[in-house]
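Trainee: what follows is a predicted protein model with its sequence.
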Amino acid sequence: MRKKFFIYGIPLTVTFLLLYFYQIIGPVIPLIFVVLFVIGFIDASQTKHTILRNFPLIGHVRYLFESISPEIQQYFIERSTDGKPFSRNERSLIYQRSKNVDSSLPFGTQMHLNQSNYEGIKHSMFPAKVNKELPRVLVGGPDCKKPYSASLLNISAMSFGSLSENAIKSLNLGAQKGNFYHNTGEGGLTEFHLQGGDIAWQIGTGYFGCRDKEGNFDADKFSEKANLPAVKMIEIKLSQGAKPGHGGVLPAQKNTLEISKIRGVEPFITIYSPPRHSAFNDYKGLVEFIAQLRHLSNGKPIGFKLCIGETSEFEKLCNEMIQQNCYPDFITVDGAEGGTGSAPPEFSDGVGMPFEPALIFVNKTLVNFGIRNKIRIICSGKIISGYSILRAIALGADICNSARGFMFSLGCIQALRCNNNECPTGIATQNKMLMKGLVVREKFDRVYHYHKNTLHSANELLAATGKNNYSEVDISIFMRGDEFSKLANHYFPDNLEI
Ligand SMILES: Cc1cc2nc3c(=O)[nH]c(=O)nc-3n(C[C@H](O)[C@H](O)[C@H](O)COP(=O)(O)O)c2cc1C
């Protein structure tokens with residue numbers, strides 16, 4: 001193709017230049033040919049990209065299609081029930097609830113129900129009355145002086161840096177209007193988080209907002225922020241599902257001057273928070289750190305977030321809590337299917353325990369150690385609907401967090417560009433031009449409505465099971481498809497053997 005480019009390109013360009021020279025044609029066509037020839041010549045001479053070198057000029061078409069492949073997939077190929085990580089149906093549900101418009105489904109389900117992997121709620125013949133009030137849960141164990149009444153659904157950790165200023169402001173204002181909390185993410189507590197909504201302040205291994213010059217934990221800086229009235233809870237981040245054992249990543253494109261100042265790091269380079277904490281390095285140290293933060297914050301709820309990996313480590317940690325008689329007020333369990341702004345694919349695809357077994361394990365372990373009543377379990381991992389909230393509670397959670405659900409409520413279209421600063425909806429970018437498209441006064445109401453309508457749906461489902469209180473929910477309210485085959489076996493043992 002390279003050869004052909006020169007064989008046809010040179011004579012054609014020269015011919016049109018001559019035609020122009022003899023005033024047979026105007027300047028436009030020769031100019032187009034000259035520009036195309038120059039681009040092709042550069043392509044053919046460069047040594048970085050084989051496709052462009054071998055296919056000068058037309059090689060760009062491949063790059064163009066590659067850059068818009070998520071959109072092509074989404075607009076032309078994807079069906080309503082597929083699309084990853086979230087299907088079109090799932091996304092539409094969130095958009096409708098955020099816009100506070102009808103989210104009902106016409107004509108019946110599109111799911112295949114009569115299958116062994118079907119999962120459904122066992123409704124009652126005598127449904128309870130739907131509670132109009134949105135559910136709340138008190139967080140604060142025996143040593144907590146300032147317990148916090150949290151909503152059942154809240155905004156999961158996402159930093160300023162990962163998300164834009166307008167996205168953070170909208171989330172916080174939505175949280176204020178709906179009376180739920182907004183987790184800062186490990187990027188630190190910024191002025192954009194302080195719009196009036198309740199805050200769960202997350203502290204990662206980078207200690208952004210409470211670090212000294214060497215990047216170590218600074219107790220004085222921590223104390224100053226932890227005692228702000230907006231800060232209701234403090235979360236130590238051990239790991240997150242999308243990249244457990246890796247630490248945070250802020251891509252260079254998103255590390256602007258403003259963010260680097262807030263975080264106390266060099267601008268325009270990729271910032272990796274280390275995978276491990278420097279304030280502690282074993283079970284004993286972690287439990288002591290919890291006690292230290294509780295003391296420095298004058299008794300606010302302190303917890304930690306993790307994705308479960310080696311299960312025996314969690315058991316050892318429980319032993320240590322009992323040994324020191326010191327317990328976190330909450331533990332946030334993040335499933336390996338969790339989202340992120342940026343992560344190495346090996347970590348996203350192949351490290352950590354998924355949401356369901358992790359939640360069951362943590363709940364069971366705390367019960368077995370006899371300490372479940374002292375600790376609230378918060379969970380995150382694709383919780384986007386009333387159904388997923390009820391399911392999380394049935395598996396052992398007390399409180400749910402959602403990250404990507406709230407991103408959709410802001411207008412995220414799953415463009416999968418959170419890591420390159422090109423998010424077209426102005427949510428996961430620091431590009432001011434893109435961010436301007438996200439108008440805070442419009443979007444914060446969507447955050448509010450999404451939260452309210454989702455919890456209302458959870459209340460409706462709870463009532464359908466005939467129960468009045470979320471504390472009555474356990475796994476017995478769910479049925480699985482394989483129960484149908486057992487039923488069939490029971491009634492037709494001869495001809496329906498499986
Ligand atoms: C853009 C983005 C940024 C995130 N940043 C953080 C973070 O700073 N700290 C953290 O613990 N988790 C972070 N997470 C993970 C979420 O808090 C959450 O645990 C995970 O996405 C699962 O929830 P989801 O399925 O509702 O998204 C981030 C997720 C996303 C999508």
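Mentor: Good, I have the coordinates. Residues are numbered from 1 along each chain as shown.
Trainee: start and end of stretch 227-243, how far apart?
Mentor: Chord length of stretch 227-243, first to last residue, is 30 Å (C-alpha to C-alpha, to the nearest Å).
Trainee: so where do the helices sit in the stretch 151-300 of the chain?
Mentor: 165-178, 219-226, 257-263, 283-296 (DSSP state H, counting those that start in this stretch).
Trainee: so of the ones you listed, which one's packed in deepest?
Mentor: helix 165-178 (a mean of 24; mean count of other C-beta atoms under 10 Å). Using the backbone N, CA and C atoms, a C-beta is placed for each residue, glycine as well.
Trainee: export that helix to PDB, keeping only CA atoms.
Mentor: The C-alpha trace of helix 165-178 is given here as PDB (Å, rounded to 0.1, in the frame of the first residue of the first chain):
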ATOM      1  CA  GLU A 165     -15.400  20.000  40.100                       C
ATOM      2  CA  ASN A 166     -18.900  20.200  38.800                       C
ATOM      3  CA  ALA A 167     -19.600  16.500  39.300                       C
ATOM      4  CA  ILE A 168     -18.400  16.700  42.900                       C
ATOM      5  CA  LYS A 169     -20.500  19.800  43.600                       C
ATOM      6  CA  SER A 170     -23.600  18.200  42.100                       C
ATOM      7  CA  LEU A 171     -23.100  15.000  44.100                       C
ATOM      8  CA  ASN A 172     -22.700  16.900  47.300                       C
ATOM      9  CA  LEU A 173     -25.700  19.200  46.700                       C
ATOM     10  CA  GLY A 174     -27.800  16.200  45.800                       C
ATOM     11  CA  ALA A 175     -26.600  14.500  49.000                       C
ATOM     12  CA  GLN A 176     -27.600  17.600  51.000                       C
ATOM     13  CA  LYS A 177     -31.100  17.800  49.500                       C
ATOM     14  CA  GLY A 178     -31.700  14.000  50.000                       C
END
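Trainee: tabulate the helices of the stretch 151-300 of the chain (JSON lines), appending distance to Lys232.
Mentor: Formatted as JSON lines, the helices of the stretch 151-300 of the chain follow (distance: least, C-beta to C-beta, whole Å):
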{"stretch": "helix 165-178", "distance to Lys232": "11"}
{"stretch": "helix 219-226", "distance to Lys232": "10"}
{"stretch": "helix 257-263", "distance to Lys232": "21"}
{"stretch": "helix 283-296", "distance to Lys232": "14"}
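Trainee: ok, of those helices, where does mean pLDDT dip lowest?
Mentor: Between the helices of the stretch 151-300 of the chain, the one with the least mean pLDDT is helix 257-263; it has a mean of 87.
Trainee: most proximal residue of the stretch 151-300 of the chain with respect to the ligand?
Mentor: Gly185 (3.0 Å; C-beta to the nearest ligand atom).
Trainee: next, the contact list for Tyr450, please.
Mentor: 94, 97-98, 174, 405-406, 408-409 (C-beta atoms under 8 Å, 6 or more residues apart in numbering).
Trainee: I misspoke; the intended subject was Val351.
Mentor: Contacts of Val351 (C-beta under 8 Å, 6+ apart): 243-246, 309, 336.
Trainee: in space, what's closest to the residue of the stretch 151-300 of the chain closest to the ligand - neighbours in sequence excluded?
Mentor: Nearest residue to Gly185 in three dimensions, chain neighbours excluded: Ser159, at 3.3 Å (C-beta to C-beta, 6 or more residues apart in numbering).
Trainee: the one you found contacts Leu189, doesn't it?
Mentor: No - using C-beta atoms under 8 Å, Ser159 makes no contact with Leu189, being 10.0 Å away.
Trainee: the more surrounded of the two?
Mentor: Ser159 (26 against 23; other C-beta atoms under 10 Å).
Trainee: show the pLDDT at Leu496.
Mentor: Reading off the model, Leu496 has pLDDT 52.
Trainee: show the contacting residues for Gly381.
Mentor: Counted by C-beta under 8 Å, 6+ apart, Gly381 has contacts 241, 334-338, 354-355.
Trainee: near the ligand, which residues of the stretch 301-450 of the chain are found?
Mentor: Proximity of the stretch 301-450 of the chain to the ligand (C-beta under 6 Å from any ligand atom) is limited to residues 305, 334, 338-341, 380-383, 402-405, 418, 428.
Trainee: so which of these is the closest to Glu472?
Mentor: Ile383 (19.8 Å; C-beta to C-beta).
Trainee: per-residue pLDDT of the residue in the stretch 1-150 of the chain positioned nearest to the ligand, please?
Mentor: Going by C-beta to the nearest ligand atom, the ligand is nearest to Pro85 of the stretch 1-150 of the chain, at 7.7 Å. pLDDT, Pro85: 95.
Trainee: hmm, it is touching Thr340, no?
Mentor: No - in this structure, Pro85 is not within contact of Thr340 by C-beta under 8 Å, at 10.9 Å.
Trainee: now the residue lying closest to Asp218 once chain neighbours are set aside: how far from Asp220?
Mentor: Spatially, and ignoring its direct neighbours in sequence, Asp218 is nearest to Asp212 (4.5 Å; C-beta to C-beta, 6+ apart). As judged by C-beta to C-beta, to the nearest Å, Asp212 and Asp220 stand 9 Å apart.
Trainee: per the record, what domains does the chain have?
Mentor: 2-67, 136-479 (automatic domain parsing).
Trainee: just the ones you listed: most buried one?
Mentor: Taking mean count of other C-beta under 10 Å, domain 136-479 is the most buried of the domains of the chain, at a mean of 20.
Trainee: with that, I have no additional questions.
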